[in-house]
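1. from the sequence below, what's the structure:
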Amino acid sequence: MYRFLGLILLAQTISSSAYAQKAFDKANVFLNGGAFVLPRDAIVAFSAEYGIHDRIGIGFRSSGSLNSRSSSSRINASIYANYHLLRSAKLDPFAGFGLGRAFGTNSIPGREDGNFSGLNLNLQAGVRYLVTNRVGAYSQLFLPFRRGTGAGVEVGATFKINRLKQ
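-> Below you'll find the predicted structure:
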């Protein structure tokens with residue numbers, strides 16, 4: 001029985017090290033561009049994530065919106081960290097958190113016009129799927145810890161740059 005289990009463990013070790021490339025690896029960079037869909041707005045977003053470990057990435061995210069109905073605009077900039085849950089060649093599910101700052105203007109009828117800014121803290125979960133070795137699609141859900149802002153879903157294209165540093 002122990003020999004059989006040992007053979008299975010050895011075969012698993014050999015097969016998992018035989019994969020030449022995972023969707024997310026240390027020193028890889030993902031560039032993401034997409035739209036953040038909210039009930040009242042559509043927000044254009046860009047992010048870049050660098051793998052500091054085979055399962056951990058850190059990144060920068062920037063987004064902006066212009067709502068013509070209320071004459072308001074918003075810009076967000078944040079840093080984030082993600083934990084990558086699966087070691088697959090094509091599929092890359094992840095979960096993490098982000099911390100950033102939002103800036104904007106409001107001009108809503110019946111309310112006082114003005115500028116605003118504030119800190120953002122959010123949980124995020126998502127998935128990337130690579131169609132080729134370098135190009136794919138992604139989707140992620142944001143759950144903010146701030147009153148007055150709702151959850152949102154971002155969808156878009158992702159581009160992988162392999163191993164910036166060896």
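
2. how about the strands of the chain, start to end?
-> 29-37, 42-51, 56-67, 72-84, 91-106, 114-130, 135-144, 152-161 (DSSP state E).

3. possible to save those strands as a markdown table with distance to Ala23, mean neighbour count and mean pLDDT?
-> In short, each C-beta sits where N, CA and C put it, glycine included. Shown next, in a markdown table, are these (distance: least, Cβ to Cβ, whole Å; neighbours: other Cβ atoms under 10 Å; pLDDT from 0 to 100):
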| stretch | distance to Ala23 | mean neighbour count | mean pLDDT |
| --- | --- | --- | --- |
| strand 29-37 | 9 | 18 | 88 |
| strand 42-51 | 10 | 18 | 90 |
| strand 56-67 | 11 | 18 | 87 |
| strand 72-84 | 8 | 18 | 89 |
| strand 91-106 | 4 | 17 | 89 |
| strand 114-130 | 5 | 15 | 87 |
| strand 135-144 | 8 | 17 | 91 |
| strand 152-161 | 8 | 17 | 91 |
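
4. now those as CSV including distance to Lys22?
-> Output for these, formatted as CSV (distance: least, Cβ to Cβ, whole Å):
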stretch, distance to Lys22
strand 29-37, 12
strand 42-51, 10
strand 56-67, 12
strand 72-84, 9
strand 91-106, 8
strand 114-130, 10
strand 135-144, 13
strand 152-161, 11
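
5. how about Ala35, what does it touch?
-> Residues in contact with Ala35 (Cβ atoms under 8 Å, 6 or more residues apart in numbering) are 42-45, 154-156.

6. Val135 too?
-> Contact analysis of Val135 by Cβ under 8 Å, 6+ apart lists 157-160.

7. go on, Leu143?
-> Neighbour list for Leu143: 122-124, 151 [criterion: Cβ under 8 Å, 6+ apart].

8. from these, pick the one nearest Phe97.
-> Leu123 (5.5 Å; Cβ to Cβ).

9. isn't that closest one up against Phe97?
-> Yes. Using Cβ atoms under 8 Å, Leu123 is in contact with Phe97, at 5.5 Å.

10. ends of stretch 46-55, what's the gap?
-> Counting by Cα to Cα, to the nearest Å, you get 21 Å between the two ends of stretch 46-55.
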